[in-house]
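# have a look at this fold, sequence not included:
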């Protein structure tokens with residue numbers, strides 16, 4: 001079984017640097033990622049090879065304990081403040097699970113999962129119709145919001161599914177919608193973390209390719225965007241706070 005697991009890991013590492021390097025592939029990636037999360041939000045079963053189901057990280061995922069290891073607590077370095085206008089990009093069902101009502105911040109979302117968008121649209125106003133400002137369906141590099149609209153932008157849990165060339169466009173678009181003193185918080189998969197390769201293998205079999213790119217290369221991309229950063233390390237992802 002260990003030989004099969006090693007083979008899975010090597011195949012994943014080889015593939016992770018080959019897919020998605022051109023703009024015409026980005027739509028295919030978005031479709032792939034959206035479907036992977038649509039299935040999860042609908043509660044559908046995933047059929048995986050026995051060698052993947054034998055991995056400890058799969059057992060954590062199946063038991064529901066993996067999310068605590070991979071979630072990035074963005075509020076620890078940039079807690080939304082009362083009456084701030086905050087944009088959560090790739091928000092999933094954020095407004096339903098994080099304490100936005102306690103923060104008193106206005107929530108705006110953009111998402112590629114239709115299931116997540118439908119859930120937020122249906123339940124968000126019931127939780128707090130004043131703070132919930134809606135969620136748009138759309139890609140992160142084409143934000144459906146006005147210039148200088150937000151105090152804070154958040155993008156956690158999905159940068160690893162796209163190449164850094166795409167992230168350059170995302171940062172430019174986020175800079176457009178942030179106020180001059182606005183803050184951008186996002187996370188980056190650290191391939192040196194012990195869980196990184198196994199998690200990448202699991203995500204690939206769940207339906208979404210993962211890119212393994214070094215923190216050094218990510219920081220070059222961030223610096224090229226003219227951003228000043230602070231960083232907080234996590235068990236799988238490193239969390240960045242950026243000012244342009």
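That came through, no problem. Everything numeric here is computed off the predicted structure, so don't read it as measured data.
# packing partners of the top helix by length along the chain?
Criterion DSSP state H: the longest helix present in the chain is helix 26-42. Packing partners of helix 26-42 (3 or more C-beta pairs under 8 Å, 6 or more residues apart in numbering; DSSP states H and E): helix 114-128, helix 196-206. To be clear about C-beta, it is placed using only N, CA and C from the backbone, and glycine gets the same treatment.
# possible to save those helices as JSON lines with mean pLDDT and distance to residue 226?
Formatted as JSON lines, the helices and strands packed on helix 26-42 follow (pLDDT from 0 to 100; distance: least, C-beta to C-beta, whole Å):
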{"stretch": "helix 114-128", "mean pLDDT": "97", "distance to residue 226": "31"}
{"stretch": "helix 196-206", "mean pLDDT": "95", "distance to residue 226": "28"}
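# can you say which of those helices is packed in most?
helix 196-206 (a mean of 21; mean count of other C-beta atoms under 10 Å).
# and the angle from the longest helix of the chain to helix 196-206?
Here the directions of helix 26-42 and helix 196-206 differ by 80 degrees (axes from the mean of the first three to the mean of the last three C-alpha atoms, to 10 degrees).
# in this structure, which spans are strands?
Ranges of strands within the chain are 85-89, 106-111, 132-137, 150-155, 178-189, 228-233, 237-243, based on DSSP state E.
# pull up the pairing partners for the first one, direction included.
Just to be clear, that refers to strand 85-89. Here strand 85-89 is paired, per DSSP bridges, with strand 106-111 (parallel), strand 150-155 (parallel).
# pull the number of nearby residues for the nearest residue to residue 172 once chain neighbours are set aside.
The shortest distance from residue 172 to any non-neighbouring residue, by C-beta to C-beta, 6 or more residues apart in numbering, is to residue 225 (7.0 Å). Neighbour count of residue 225, defined by other C-beta atoms under 10 Å: 17.
# in this model residue 168 seems to touch residue 225, though I could be wrong.
Yes - with contact defined as C-beta atoms under 8 Å, residue 225 reaches residue 168; the gap is 6.6 Å.
# out of the strands of the chain, nearest to residue 73?
Among those, strand 237-243 comes nearest to residue 73, with 7.5 Å by C-beta to C-beta.
# that closest one - what's its average pLDDT?
What strand 237-243 shows for mean pLDDT is 94.
# report the inter-axis angle for that strand versus helix 196-206.
Using the same axes, to 10 degrees: strand 237-243 against helix 196-206 is 90 degrees.
# packing partners for strand 237-243?
Packing contacts for strand 237-243, counted by 3+ C-beta pairs under 8 Å, 6+ apart, involve strand 178-189, helix 215-224, strand 228-233.
# lowest average pLDDT across the strands of the chain?
strand 228-233 (a mean of 88).
# from the chain's centroid, how far away is that one?
Relative to its parent chain, strand 228-233 has a centroid offset of 17 Å by C-alpha atoms, centre = their mean, to the nearest Å.
# go on, stretch 148-159?
Averaged over its C-alpha atoms, stretch 148-159 has a centre that lies 10 Å from its chain's centre (C-alpha atoms, centre = their mean).
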